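*Asks:* Provide a 3D model corresponding to the input given below.
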Amino acid sequence: MRPQSVILTFLGDHVYGRGVCVSSKSFIEAFAKVGISEEATRSTLARMVRRGLLRRQRSGRRMYFGLTPASTEVLTDGERRIWRSGVVNDADGDRWTLVGFSLPESWQRQRHELRSRLIWAGFGPLQNGLWIAPGDVDAAGVIKDLGANVKVFAAEPRPPTDMQALVGDAYDLAGLGERYRAFLRRWDRADPAPDAPDDLARSMTLLTGWLQIIRTDPRLPLRYLPHDWPAEKAQRVCHTLHERFRPEAAALAERLMETVPDETWAEP
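*Replies:* Coordinates of the predicted model:
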C-alpha cells in the first residue's frame with residue numbers, strides 16, 4: 001500500500017469533518033501498525049504538504065497537520081464512493097456521456113493529462129478521440145483548460161449498437177473483476193488479516209484496498225456486465241467488516257491521536 005493512500009484513509013475515517021489537526025507523532029504510531037516506517041511517513045507528509053493535500057500548523061514545539069480544500073474534496077469523493085453511490089449501477093435508463101477531442105500532435109502533455117482525467121472520471125475509449133462514460137457526467141473539471149478542442153454530448157444507444165460488446169471493448173472488465181475477486185479472497189473469511197496487530201490496522205488496510213478498487217470502477221450498468229460480477233458481494237464484505245472493526249479502530253485512533261483545533265476550520 002502506498003503511504004499516501006493509507007494516510008488519506010486514516011484522515012477520512014478519523015479526522016474528516018472534525019476540525020482538528022493531528023501531530024506527526026500520531027501519524028507515525030498509526031502507520032507503524034501497517035508496516036510503514038517513520039521515515040516513509042515523514043516524507044509522505046512533507047510531500048502531501050507540497051502538493052496542497054495537507055497544511056502544517058505549529059502548536060508549541062510540535063508540528064500538526066490539517067486538511068486543505070484539496071484533501072477535503074478527495075475525502076468527500078471517497079466518502080461518496082464508499083457509503084453512498086455504491087458499486088452497483090442498476091438504473092433503468094441507458095444514458096451516456098460522450099467526450100470527443102482533437103488535440104494537436106504537439107500537445108502530448110495535454111493529451112496524456114486529458115486521458116488520465118477521463119479514466120479517473122469513469123470514461124473508456126470508444127474509438128480514436130471519442131470516450132464514453134455511463135450516466136450524466138459533469139465533465140467541466142475533466143476538460144478544463146482545453147477549450148474548443150473538446151466537445152461533450154449526452155447520448156442514448158440505438159440499434160444496431162451492441163452495448164455489451166461496446167462496454168467490453170471500452171473497459172478492462174477482466175482486470176476490474178479480478179481486483180474484486182482478489183479482495184474477496186483476502187477478506188471474505190472468518191479471520192481476515194490475522195497478522196494485523198489490531199482492528200485499527202485491519203480497518204486501514206481494508207478501506208485503503210477497497211478505495212483503490214472502486215476509484216477505478218466506472219459503475220457500468222449491471223445489465224452489460226458478466227452475470228457473476230463480484231462487485232456487489234465484495235461491497236457487502238467491505239461494509240460488514242468495517243462495522244465489525246469500527247469500535248476498536250475508533251477507540252485506538254482516539255487514544256493515539258494528539259490533536260489541536262484547526263485554525264482554518266469553519267463548520268459547514
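
*Asks:* So which residues make contact with the least confident helix or strand in the chain by mean pLDDT?
*Replies:* Within the chain, confidence by mean pLDDT, DSSP states H and E is lowest for helix 108-120 among all helices and strands, at a mean of 81. Contact with helix 108-120 is made by 99, 101, 103, 131, 133, 141-143, 145-146, 150, 215-216, as judged by CB atoms under 8 Å, 6 or more residues apart in numbering. To be clear about C-beta, it is placed using only N, CA and C from the backbone, and glycine gets the same treatment.

*Asks:* Just the buried residues of the residues you listed.
*Replies:* Buried members of the contacts of helix 108-120, counted by 16 or more other CB atoms under 10 Å: V99, F101, W131, A133, V142, I143, L146, V150.

*Asks:* and the two most separated of those residues?
*Replies:* A133 and L146 (16.7 Å; CB to CB).

*Asks:* just to revisit the earlier point, give the partner strands of whichever helix or strand comes after the least confident helix or strand of the chain in its sheet and their orientations.
*Replies:* Moving toward the C-terminus from helix 108-120, the next helix or strand (DSSP states H and E) is strand 124-127. Using DSSP bridges, the strands paired with strand 124-127 are strand 130-134 (antiparallel).

*Asks:* Measure how the partner strand sits relative to helix 108-120, angle-wise.
*Replies:* Angle, strand 130-134 to helix 108-120, by axes from the mean of the first three to the mean of the last three CA atoms, to 10 degrees: 20 degrees.

*Asks:* rewinding a little: want to try a markdown table for the contacts of helix 108-120, with pLDDT as columns?
*Replies:* Putting these into a markdown table (pLDDT from 0 to 100) gives the following:
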| residue | pLDDT |
| --- | --- |
| V99 | 90 |
| F101 | 84 |
| L103 | 70 |
| W131 | 93 |
| A133 | 94 |
| G141 | 75 |
| V142 | 78 |
| I143 | 75 |
| D145 | 67 |
| L146 | 62 |
| V150 | 80 |
| R215 | 88 |
| T216 | 88 |
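
*Asks:* Filter those residues down to the ones in helices?
*Replies:* Using DSSP state H, the subset of the contacts of helix 108-120 located in helices is empty.

*Asks:* which one of the residues you listed is nearest Q4?
*Replies:* R215 (13.2 Å).

*Asks:* Grab the nearest non-local neighbour of that closest one.
*Replies:* R81 (6.8 Å; CB to CB, 6 or more residues apart in numbering).
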